[in-house]
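Novice: coords please:
(one chain, ligands or ions: 2)
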Amino acid sequence: MDTRIALLPAMGIPRPYHETNPLQIVRASLDDPGPEEVLVRILAAGVCHSDLSVINGDRPRPTPLALGHEAVGEVVSVGGSSDLKPGQRVAMVFVPSCGHCPCCAEGRPALCEPGLKHNTEGTLLSGAIRIRHEGQPILHHLGISCFSDYAICHRRSLVPIDSDLDPAVQAVFGCAVLTGCGAVLNTASLRTGERVAIVGLGGVGLAGLLGAVAGGAKQIIAIDANPAKKELALSLGADHFVDARDPDAAAQVKALSQGGCDLVAEFAGVMPALELAIEVTRRGGRSVTAALPNPDDRLSLPAARLVAEEKALLGSYVGSCVPSRDIPNFIALHHRGRLPVDRMISHRLELSEINIAMERLASGEAVRQIVCFA
Ligand SMILES: [Zn+2]
Ligand SMILES: [Zn+2]
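Specialist: Ligands and ions are numbered 1, 2, ... in the order given. Have a look, this model is predicted:
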């Protein structure tokens, strides 16, 4: 099978990306799907900050890599027997889960150990590499590689979904919604009537904000270093916006929340943001972080306050979600009008514009951009 892919030959290419073109749209060939693997035609793929983190080297991955990890598609064919049939719409999940390891057995597929191993190596859950360009193997990005017309994925990277919704809207459920809503609703278990702050208003952070609205937060304070995010945050349900660059940002949040928030979710991926999140968490409250900072970053915090103030600090990966349960559930919430994630979509584009999209994301101009395939 012949397909276009977005090839990342190496990390660390400097900006501006629309001029330096870190991604190359090239023709590649896909092997036939092996047992438990599926050939998928991509319908729509979201451009996520984690893609940018691979391009700029903040989130190192082996290269050459075919990029993209948030998408929906349609099954074309399966290797061996499968419960998935051609034509079935599927959402793609960026951590495949083996179903057998201790974390999977505990009901925490986001922490799947073989899933992590193969994602780190750039292979499918089967260990296979199915993409070739000029005779060379090209690694898979988180088992998905969806900035492509077609992709081979392991069955355990896919969740069947209904085909009654715009694929561009469905695409954001695989990463932004699982990560953002999951952090607030699953990892931090938002309770009705709590005061919430959201730090970092990219696509994942705004999904977290929408999750806080859907989960019945009493008050939502949106915090970002870019004041251009204010209007959208307020229109999506935030009560207040605080500019993270203000020297008294923490004091502003504490004043607005009468001493601090019950739940503070951090999605910015930089240490000052996480420190601010912990600072504005009330005594007895919880901070949850779902951003992926540079692996060399270290957090400094007054440890005694964790004890004396009973503050909990939670890490959240894939929103602690069970994707086969939570993607259909979150889509159902969208159908009921309670998770209007379509409003996060700022741009729709063609695959040939992917480097322009990366530059827009890096400059903070875009929220969720969706690559649409004809
Ligand atoms: Zn993502
Ligand atoms: Zn597992």
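
Novice: From the structure, what's the count of residues near Asn186?
Specialist: For Asn186, the count of nearby residues is 20 (other C-beta atoms under 10 Å). C-betas here are computed from N, CA, C, even on glycine.

Novice: Quickly note the distance from Asp248 to ligand 2.
Specialist: With distances taken as C-beta to the ion, to the nearest Å, Asp248 is found 46 Å from ligand 2.

Novice: Use 17 as the first number from now on
Specialist: Sure, I'll start numbering at 17, so the last one becomes Asp264.

Novice: Contact partners for that residue?
Specialist: If a contact means C-beta atoms under 8 Å, 6 or more residues apart in numbering, then Asp264 has no contacts.

Novice: okay, the residue in the stretch 217-366 of the chain positioned nearest to ligand 2: pLDDT?
Specialist: Among residues of the stretch 217-366 of the chain, the one nearest ligand 2 by C-beta to the ion turns out to be Val338. It sits 12.1 Å away. On the pLDDT scale, Val338 is placed at 98.

Novice: can you map out the helices along the stretch 217-366 of the chain?
Specialist: Assigned by DSSP state H, counting those that start in this stretch, the helices in the stretch 217-366 of the chain fall at 219-230, 246-251, 265-272, 287-295, 319-324, 339-351.

Novice: So Val387, which state does it fall into?
Specialist: The three-state label for Val387, taken from DSSP: H, G, I helix; E, B strand; the rest coil, comes out as strand.

Novice: I figured it was touching Leu365, is that so?
Specialist: Yes: Val387 is in contact with Leu365 according to C-beta atoms under 8 Å; the separation is 5.8 Å.

Novice: Those two: which has the busier surroundings?
Specialist: Using other C-beta under 10 Å as the criterion, Val387 and Leu365 rank with Val387 on top: 28 against 16.

Novice: how much space between the spatially closest residue to that one that is not a sequence neighbour and Pro183?
Specialist: Sequence neighbours aside, Ala61 is the residue nearest to Val387 in space, at 4.5 Å (criterion: C-beta to C-beta, 6 or more residues apart in numbering). The span separating Ala61 from Pro183 equals 9 Å under the rule C-beta to C-beta, to the nearest Å.

Novice: Could you list the buried residues of stretch 255-267?
Specialist: 255-258, 260, 265-266 (16 or more other C-beta atoms under 10 Å).

Novice: what do you get for stretch 44-63?
Specialist: Neighbour-count burial for stretch 44-63, counted by 16+ other C-beta under 10 Å, picks out 44, 46-47, 49-50, 52-63.

Novice: So what would you say the end-to-end distance of that stretch is?
Specialist: 21 Å (C-alpha to C-alpha, to the nearest Å).

Novice: same deal with stretch 88-101?
Specialist: So stretch 88-101: terminal residues 15 Å apart, C-alpha to C-alpha.

Novice: Then stretch 304-324?
Specialist: Taking C-alpha to C-alpha, the span from the opening residue of stretch 304-324 to its closing residue is 19 Å.

Novice: Could you list the buried residues of it?
Specialist: Across stretch 304-324, burial judged by 16+ other C-beta under 10 Å covers 304-309.

Novice: Ok, stretch 234-250 next?
Specialist: Of the residues in stretch 234-250, those buried under the neighbour-count criterion (16+ other C-beta under 10 Å) are 235-241, 245-246, 248-249.

Novice: Give me the local confidence score for the residue of the stretch 217-366 of the chain at minimum distance from ligand 1.
Specialist: Distances from the stretch 217-366 of the chain to ligand 1, computed as C-beta to the ion, single out Val220 as the nearest residue at 6.9 Å. Residue-level confidence at Val220 comes out at 96, pLDDT.

Novice: picking up where we left off before, could you identify the pair within the buried residues of stretch 234-250 that is furthest apart?
Specialist: Using C-beta to C-beta, the two most remote members of these are Gln235 and Ala241, lying 21.2 Å apart.

Novice: who in this protein is up against ligand 1?
Specialist: Where the chain comes near ligand 1, counting by C-beta under 5 Å from the ion, the residues are 64, 66, 191.

Novice: Where does the stretch 67-216 of the chain get nearest to ligand 1, which residue?
Specialist: When distances are taken as C-beta to the ion, the stretch 67-216 of the chain reaches nearest to ligand 1 at Cys191, 3.3 Å away.

Novice: In strands, which of the buried residues of stretch 304-324 fall?
Specialist: Judged by DSSP state E, the buried residues of stretch 304-324 include 304-305 as members of strands.

Novice: Looking at pLDDT only, which of the buried residues of stretch 304-324 scores worst?
Specialist: Sorting those by confidence puts Leu308 at the bottom, with a pLDDT of 85.

Novice: hey, where'd the helices end up in the stretch 67-216 of the chain?
Specialist: Taking DSSP H, counting those that start in this stretch, the helices of the stretch 67-216 of the chain run over residues 118-121, 129-137, 183-187, 194-198.
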